[in-house]
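Visitor: With the sequence up front, the predicted model follows.
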Amino acid sequence: MQPWPHDPLPPLATRDRVTDAVLVVFCGIVQAAALALGAFATRDAFAALHGGSYLAIGTLLELALAGVLTALCLFTSGCRAERLGQSYAIDLRHALYARIAGLPKSRHEQRRVGALSLRFVGDLSAARLWFGQGLPGVLSACVVLPGAVAILFALSPALSLRGLVPLAIALMVMTAAAWHLERRHHRLRRRRAGIAISMIERIAIAPELDVMGRTDVELRRLDEQGARLRDDAVARRGRTVGLQALLQAGTAASGLTILWQASVLGVAPALVAASLSVLALIALPLQHLGAAWDQYCAWRVAREKAQALLREPTLPRARRRAKSPVCVEVTGTLDDRQIAFSAAGSCLTHLSGPDSHHLARIIAGLDHPETVDLRFNGMTDRPGVAYIGDDHIGLQGSLRRSATLMNRKRPGDRRIIETLTAFGLGDLLASGGLDQRLAENGKGLCAAQLLRLDLVRAVLGKTDVIVIASLRWLVETEKDQLLAALQNHSTATLLLADTSDISTTTKPGAL
């Protein structure tokens with residue numbers, strides 16, 4: 001088993017993401033400068049209007065420049081923030097799939113397919129929203145808010161000192177109330193995951209459940225789950241909107257305080273107008289902070305689940321093409337029974353007994369208990385191994401693609417056609433050629449055709465070991481013809497698992 005790092009999540013500080021984050025911060029700095037320019041220009045404009053004079057061209061240009069710079073900063077920071085979020089989602093998706101692919105098959109079978117599927121929906125969405133919107137919003141606010149406060153103090157220290165008190169109180173109340181939001185996200189995630197997993201697993205068998213008369217039961221259960229999800233979602237949304245409402249109330253209270261203090265201190269209307277415009281611009285990043293905390297809580301919950309999956313040990317399945325026939329040796333203990341199995345290279349070996357299918361999975365690399373030692377030509381390096389189990393594994397696409405799924409470099413059509421014909425798939429070829437579309441996992445083909453397609457794939461993939469542990473082989477009526485085709489087209493070591501007495505018999509030269 002391969003060990004895992006202390007923090008298995010993809011690193012955030014990669015070169016491209018650091019560049020995006022720096023650009024977001026830079027846009028915040030420029031936006032703060034534009035805010036200062038606009039605030040002082042607003043003061044001058046109101047002073048001119050109050051004095052009954054025309055607005056200066058320079059003041060108008062400053063206001064226009066402040067607006068243009070703010071718009072450009074919003075556009076650039078938004079695009080860069082989205083790029084940052086998508087970049088991290090790509091790396092997280094890569095890490096999650098690689099970990100799932102490397103899991104032992106037995107561990108994979110213990111997990112619900114729907115739960116694993118959610119890793120590519122909910123967790124990735126939470127990561128994208130936090131790194132693409134929440135974190136950039138926080139970075140921008142860390143620049144804009146101090147700059148805006150400094151501008152307020154530069155305009156009028158007396159107004160700012162008194163006017164920002166209500167907003168500061170609202171921030172403290174929001175901070176105290178925000179700590180419970182993560183608990184809401186935990187509960188909401190459980191509800192959402194339960195519904196999604198149930199639907200993913202039931203949709204595939206919905207017609208069969210309907211025949212069994214369970215549709216009404218499933219719909220009623222779905223409605224009950226939906227009602228509980230609705231209540232939790234409304235509660236979480238209410239908490240998030242409540243945090244934002246607190247900030248809005250604080251901003252409004254600060255505005256009223258500034259107006260009241262201005263009337264008491266006799267501050268010039270131009271300074272009051274400029275201070276109120278800056279205060280209004282402060283409200284936007286504050287709203288972003290409220291939304292960012294909600295997104296961060298969602299990411300914290302998703303991160304825990306992703307870390308748990310990424311910490312699970314995986315099996316090393318990297319393969320290296322062997323230059324000579326591969327001998328297989330397995331020793332150790334399996335289910336409290338001693339095992340000692342060997343197969344000569346380029347030979348047909350029957351693997352029998354109650355542990356035959358489990359042993360076949362170990363040789364194929366699907367499982368590898370710590371109590372078992374597996375060697376190929378005396379080495380632990382894995383050669384190319386093809387495993388043919390009860391189910392055909394295939395992706396949607398052409399017959400050409402399905403037949404060459406194990407190939408990094410696809411062979412020519414002539415080679416593919418010759419191999420398909422040799423294994424008795426001439427009729428399938430004649431019905432649509434190599435370009436005919438096959439459904440996922442070969443749906444629509446019979447078991448005999450799928451078995452032959454698996455054998456073709458193993459031969460075209462130039463595998464060194466072919467492990468067959470399939471009921472399809474046990475009921476196959478043309479075993480001799482298929483073995484002859486393997487003998488003519490491959491030199492791989494062939495292992496056949498069956499359910500007879502605990503023994504192994506080797507037949508040199510059978511291939």
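Guide: Now that the structure is in, tell me what you want to look at.

Visitor: excluding its backbone neighbours, what's nearest Leu471?
Guide: The shortest distance from Leu471 to any non-neighbouring residue, by CB to CB, 6 or more residues apart in numbering, is to Asp390 (5.4 Å). (Glycine included, C-beta is placed from N, CA and C.)

Visitor: wait, what's in contact with the one you found?
Guide: Asp390 makes contact with Ala469, Ser470, Leu471, Arg472, according to CB atoms under 8 Å, 6 or more residues apart in numbering.

Visitor: before we move on, what about Ile195?
Guide: With contact taken as CB under 8 Å, 6+ apart, Ile195 is in contact with Leu222, Gln225, Gly226, Leu229.

Visitor: if I look at the first one, how far off is Arg17?
Guide: Counting by CB to CB, to the nearest Å, the gap between Leu222 and Arg17 amounts to 40 Å.

Visitor: ditto for Ser263
Guide: The gap separating Ser263 from Arg17 is 49 Å, by CB to CB.

Visitor: So which of those two has more stuff around it?
Guide: Taking other CB atoms under 10 Å, Ser263 and Arg17 do not tie; Arg17 has more neighbours (20 against 10).

Visitor: which SSE is that one in?
Guide: For Arg17, the enclosing helix or strand under DSSP states H and E is helix 15-50.

Visitor: Can you name every helix or strand that that helix contacts?
Guide: Using 3 or more CB pairs under 8 Å, 6 or more residues apart in numbering; DSSP states H and E, the elements in contact with helix 15-50 are helix 57-102, helix 135-155, helix 269-310.

Visitor: can you list the ones you listed in a markdown table and add mean pLDDT, mean neighbour count and distance to Lys462?
Guide: Output for those, formatted as a markdown table (pLDDT from 0 to 100; neighbours: other CB atoms under 10 Å; distance: least, CB to CB, whole Å):
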| stretch | mean pLDDT | mean neighbour count | distance to Lys462 |
| --- | --- | --- | --- |
| helix 57-102 | 89 | 17 | 21 |
| helix 135-155 | 86 | 20 | 47 |
| helix 269-310 | 84 | 20 | 33 |
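
Visitor: Nearest approach to Leu445 belongs to which of these?
Guide: Taking CB to CB as the criterion, helix 57-102 is the member of the helices and strands packed on helix 15-50 that comes nearest to Leu445, at 25.1 Å.

Visitor: Can you name every helix or strand that the lengthiest helix in the chain contacts?
Guide: Counting by DSSP state H, the longest helix found in the chain is helix 215-265. When contacts are defined as 3+ CB pairs under 8 Å, 6+ apart, helix 215-265 packs onto helix 157-163, helix 165-178, helix 181-203, helix 206-211, helix 269-310.

Visitor: Looking at those, spot the one closest to Leu124.
Guide: Minimum separation from Leu124 across the helices and strands packed on helix 215-265 (CB to CB) falls at helix 269-310, 8.2 Å.

Visitor: what is the orientation angle of that closest one with helix 215-265?
Guide: With axes from the mean of the first three to the mean of the last three CA atoms, to 10 degrees applied, the angle from helix 269-310 to helix 215-265 works out at 150 degrees.

Visitor: related to what we said a few turns ago, out of the contacts of Asp390, list just those in strands.
Guide: Judged by DSSP state E, strands contain none of the contacts of Asp390.

Visitor: I'd say Leu23 and Gly78 touch.
Guide: No - under the criterion of CB atoms under 8 Å, Leu23 makes no contact with Gly78, lying 11.1 Å away.

Visitor: Please list only the buried members of the contacts of Asp390.
Guide: Taking 16 or more other CB atoms under 10 Å as the criterion, what is buried in the contacts of Asp390 is Ala469, Ser470, Arg472.

Visitor: Would you quantify the distance from the second one to Glu476?
Guide: Yep, that's Ser470 we're talking about. 9 Å.

Visitor: okay, and the common contacts of these two?
Guide: Residues within reach of Ser470 and of Glu476 at once, by CB under 8 Å, 6+ apart, are Leu451.

Visitor: now stretch 451-461: mean pLDDT?
Guide: With pLDDT averaged residue by residue, stretch 451-461 scores 95.

Visitor: Please find the angle between the direction vectors of the longest helix of the chain and helix 181-203.
Guide: Between helix 215-265 and helix 181-203, the angle formed by their directions is 150 degrees, by the same axes, to 10 degrees.

Visitor: could you check the angle helix 135-155 makes with helix 215-265?
Guide: 10 degrees.

Visitor: Please verify my assumption that Leu334 contacts Leu359.
Guide: Yes - if you go by CB under 8 Å, Leu334 and Leu359 touch, sitting 6.9 Å apart.

Visitor: what about those two, which has more around it?
Guide: Set side by side, Leu334 and Leu359 show unequal neighbour counts under other CB under 10 Å, the larger going to Leu359 at 25 against 17.

Visitor: mind checking how far the more buried one is from Leu366?
Guide: Relative to Leu366, Leu359 is positioned 11 Å away (criterion: CB to CB).

Visitor: How about Gly384, nearest residue that isn't a chain neighbour?
Guide: Distance criterion CB to CB, 6+ apart; nearest residue to Gly384, sequence neighbours excluded, is Thr463 at 4.1 Å.

Visitor: domains of this protein?
Guide: Here the domain parsing of the chain from automatic domain parsing is 15-310, 328-507.
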